[in-house]
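Q: Build the 3D model from these lines:
(one chain, ligands or ions: 1)
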Amino acid sequence: MRRKLIVVSNRGPVSFSRNDGGERVAKRGGGGLVTALRGLLALHDVTWIASAISDEDRALAEDTLDESTRDGPPFRLRFVAHEEQAYDWFYNVVSNPMLWFIQHHLWELAYAPVIDRSFHTAWDDGYAAVNAEFASAVLEELDREPDAAVFFHDYHLYLAPRLVREQRPDATLAHFVHIPWPQPDAWQVLPERMRVALHDGLLANDVIGFHSDRWRRNFVHSARELLGEEADARTITAAISVDPTEFDELASSPAVLAAEREIAARRPEKLIVRVDRTDPSKNIVRGFRAFELYLAAHPEMRRRVSMLALLDPSRQHIPEYAEYLGALQREARRVNDRFQEDGWTPIDLQIEDDFPRSVAAYKQFDVLLVNAIFDGMNLVAKEAPLVNERNGVVVLSENAGAHAELGEWVVSVNPFDVEGQAEAIHRALQMGEDERAQRLSATCAHVRSNDVHAWIERQLAALDGLAATTRR
Ligand code: G6P
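A: Below you'll find the predicted structure:
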């Protein structure tokens, strides 16, 4: 059934700019959330509300645009242009790093965070203010389409659902949290009024979704501890996924084939690949350290193996992220300085947002390293096996949501145990062809039958089943 949906997320499916010739050009939004949600557009009647990020987005913010994905179906796109200072507080001070850091356990609590006056201001005049603007945009869209269901996404928008609910007690509201939910004590980092407000905001939804049962249970626990609310009946686990046909097509596209030729020409016998945003939660520094330990323990493999790290620079206006990028560059250089020989560089570090190159690397890996500290899902672990042509093995963190689904076929690692990761790399590289082929095909079969459409259907079914009985 085709439905009317209002999708609300900070980052939109496209962002606009002007090229040198002055023409408006659209660039696909990055990150797992936007990639997966694009799957909704073909099937439903979607209005997407997102923050205006570029100047060109801001110029377009007055109107609702009729957009289509590159060759995809039409949808309505509404940009919300926030006041610059408010958006800076919302994005660079509260959402990332504060909420992201709490939910991925990234703080070194002896030193940070410090909640001072300026953080309170950033919360009130940034995070809460931007959420209020999103809520007003939703209310206007609901005036136009009163029967549409509203789908909020992620940690940027925890306060908006309550504001909408106050004005529209009967609206159908759902929220999907794409990142881990920590245990209740982790929220003690925030002053009470803030941690209560964000739980209360989420609980204004009819349905609240998580990628794995581990995050869902933590949320139920924390709603009980912080607000005394029983949220179990309104929460669902729905694992986000990918559109396999999109990857089948991409794999033979000219841009991917060109990038693949380059990788193939440079690669040694064995290739370890990682593809990540340069985010501290991705654990890139420890990954390089693990590779160093592997090379130290297996001198016979020097020159025969290298690591290709394709990293998308992320959130660089936030000091913690800028510092992390510096730290991982230093670590790669240190490992390279220790081992490199004429004609062989152990770690090939490429810091660039280049999606075709990532897909090309997916085809070429012998080992895919996904060692995230914590990760809501990690779509790389689902995308890469789909197109891999070398019976590659996935080495996967036990703290990535994807592990709950793929654990049986991957080599599992503890993200802090660099020694264990070095051993996992060894095990994966030593594994016999039959076993590798078996693991890879089981992973692909799972992803193909649990694709992004299944994720979307699961949520819509939950709305049908739960909204009428438990609305508040
Ligand atoms: C993660 C988050 C998304 C976010 C994406 C990219 O996947 O769950 O909400 O859009 O990272 O991050 P960015 O800050 O660039 O939007």
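Q: Touching, Leu295 and Arg302? I think so.
A: Yes - Leu295 lies in contact with Arg302 (C-beta atoms under 8 Å); the separation is 6.0 Å. In this view, the C-beta of every residue, glycine as well, is placed from N, C-alpha and C.
Q: who in the stretch 251-400 of the chain is up against the ligand?
A: Counting by C-beta under 6 Å from any ligand atom, the residues of the stretch 251-400 of the chain close to the ligand are 314-315.
Q: who has more neighbours, Leu295 and Arg302?
A: Leu295 (21 against 16; other C-beta atoms under 10 Å).
Q: give me phi/psi at the residue nearest to that one when sequence neighbours are not counted?
A: Distances taken as C-beta to C-beta, 6 or more residues apart in numbering put Phe339 closest to Leu295, at 5.4 Å, once the chain neighbours are dropped. Dihedral angles phi and psi of Phe339 (degrees, to the nearest 10) take the values phi -110, psi -20.
Q: Would you map out the domains in the chain?
A: By the assignment in automatic domain parsing, the chain contains the domains 1-241+451-472, 244-449.
Q: Off-centre distance for the first one?
A: To tie it back to what came earlier, the one meant is domain 1-241+451-472. 13 Å (C-alpha atoms, centre = their mean, to the nearest Å).
Q: Average pLDDT for it, rounded please.
A: Mean pLDDT, computed over domain 1-241+451-472, is 93.
Q: Quick check: the residue nearest to Leu295 vs the ligand, distance?
A: Look at Phe339 and the ligand: by C-beta to the nearest ligand atom, to the nearest Å, they are 33 Å apart.
Q: tally of neighbours for that residue?
A: Neighbour tally, Phe339, other C-beta under 10 Å: 18.
Q: So it is in contact with Pro346, correct?
A: Yes - Phe339 lies in contact with Pro346 (C-beta under 8 Å); the separation is 4.9 Å.
Q: Touching both of these two, which residues are there?
A: Taking C-beta atoms under 8 Å, 6 or more residues apart in numbering as the contact rule, Phe339 and Pro346 both touch 295, 302.
Q: So what's the residue count around Ile115?
A: 14.
Q: Tell me who's in contact with Tyr155.
A: Neighbour list for Tyr155: 95, 99-100, 103, 177-179 [criterion: C-beta under 8 Å, 6+ apart].
Q: okay, and the common contacts of Leu295 and Arg302?
A: In contact with both Leu295 and Arg302: 339, 346, using C-beta under 8 Å, 6+ apart.
Q: Could you verify my assumption that Arg303 touches Trp344?
A: Yes - counting by C-beta under 8 Å, Arg303 touches Trp344, with 4.6 Å between them.
Q: what is in contact with those two at once?
A: Pro268.
Q: need the contact list for the nearest residue to Arg24 once chain neighbours are set aside.
A: Of all residues not flanking Arg24 in the chain, Phe16 sits nearest, at 5.6 Å (C-beta to C-beta, 6+ apart). Neighbouring residues of Phe16 by C-beta under 8 Å, 6+ apart: 24-27, 54, 56-57, 60.
Q: element containing the residue lying closest to Glu408 once chain neighbours are set aside?
A: Counting by C-beta to C-beta, 6+ apart, Ala442 is the residue found nearest to Glu408 once chain neighbours are left out, at 7.5 Å. If you go by DSSP states H and E, Ala442 is part of helix 433-449.
Q: contact partners of that helix?
A: Contacts of helix 433-449 (C-beta under 8 Å, 6+ apart): 241-242, 244, 382, 385-386, 388, 391-394, 405-406, 408-410.
Q: Tell me who's in contact with the residue nearest to Leu295.
A: 292, 295, 302, 346 are the contacts of Phe339 under C-beta under 8 Å, 6+ apart.
Q: so how far is the ligand from the second one?
A: When you say that, I think you mean Leu295. Between Leu295 and the ligand the distance is 31 Å, computed by C-beta to the nearest ligand atom.
Q: roughly how far apart are that residue and Glu341?
A: Distance, Leu295 to Glu341, using C-beta to C-beta, to the nearest Å: 11 Å.
Q: Residues in contact with both of these two, list them for me.
A: By C-beta under 8 Å, 6+ apart, the residues touching both Leu295 and Glu341 are Arg302.
Q: Just confirm yes or no for the strand or helix carrying Leu41 near the ligand.
A: Assigned by DSSP H and E, Leu41 belongs to helix 32-43. Yes - contact of helix 32-43 with the ligand (C-beta under 6 Å from any ligand atom) involves 32-33.
Q: Just name whatever secondary elements that helix is in contact with.
A: Packing partners of helix 32-43 (3 or more C-beta pairs under 8 Å, 6 or more residues apart in numbering; DSSP states H and E): strand 4-8, helix 452-470.
Q: Compute the inter-axis angle for the last one and helix 32-43.
A: Read it as helix 452-470. 80 degrees (axes from the mean of the first three to the mean of the last three C-alpha atoms, to 10 degrees).
Q: list the helices and strands helix 452-470 packs on?
A: In terms of contacts (3+ C-beta pairs under 8 Å, 6+ apart), helix 452-470 is packed against helix 32-43, strand 149-153, strand 173-177, strand 207-210, strand 235-237.
Q: May I see these organised as a markdown table, with mean neighbour count added?
A: As requested, the helices and strands packed on helix 452-470 are arranged in a markdown table below (neighbours: other C-beta atoms under 10 Å):
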| stretch | mean neighbour count |
| --- | --- |
| helix 32-43 | 21 |
| strand 149-153 | 25 |
| strand 173-177 | 24 |
| strand 207-210 | 26 |
| strand 235-237 | 20 |
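Q: Indicate which one of these is closest to Ala424.
A: Closest to Ala424 of the helices and strands packed on helix 452-470 is helix 32-43 (C-beta to C-beta; 23.5 Å).
Q: what does the very next helix or strand once past that closest one contact?
A: Counting by DSSP H and E, the next helix or strand C-terminal to helix 32-43 is strand 45-51. Outside strand 45-51, the residues within contact range by C-beta under 8 Å, 6+ apart are 2-13, 29, 37, 40, 57, 64, 75-80, 82, 87, 130, 134, 137-138, 141, 145, 148.
Q: can you do 6 Å?
A: Residues outside strand 45-51 that contact it (C-beta atoms under 6 Å, 6 or more residues apart in numbering) are 2, 4-10, 12, 40, 75-78, 80, 137, 141.
Q: which residues of the stretch 201-350 of the chain fall in strands?
A: 207-210, 235-237, 270-277, 305-312, 347-351 (DSSP state E, counting those that start in this stretch).
Q: Rounded mean pLDDT for stretch 305-325, please.
A: 98.
Q: Straight-line length of that stretch, end to end?
A: Stretch 305-325 stretches 24 Å from its first residue to its last (C-alpha to C-alpha, to the nearest Å).
Q: Off-centre distance for it?
A: 15 Å.
Q: centre of the chain versus stretch 363-370, how much separation?
A: 19 Å.
Q: Would you agree Asp170 falls within a strand?
A: No - read with DSSP: H, G, I helix; E, B strand; the rest coil, Asp170 is coil and lies in no strand.
Q: so how many other residues sit close to it?
A: For Asp170, the neighbour count with other C-beta under 10 Å is 8.
Q: how close does it sit to the ligand?
A: Distance from Asp170 to the ligand, by C-beta to the nearest ligand atom: 28 Å.
Q: and what of Met1?
A: 27 Å.
Q: can you count the residues close to that residue?
A: Met1, neighbours per other C-beta under 10 Å, totals 6.
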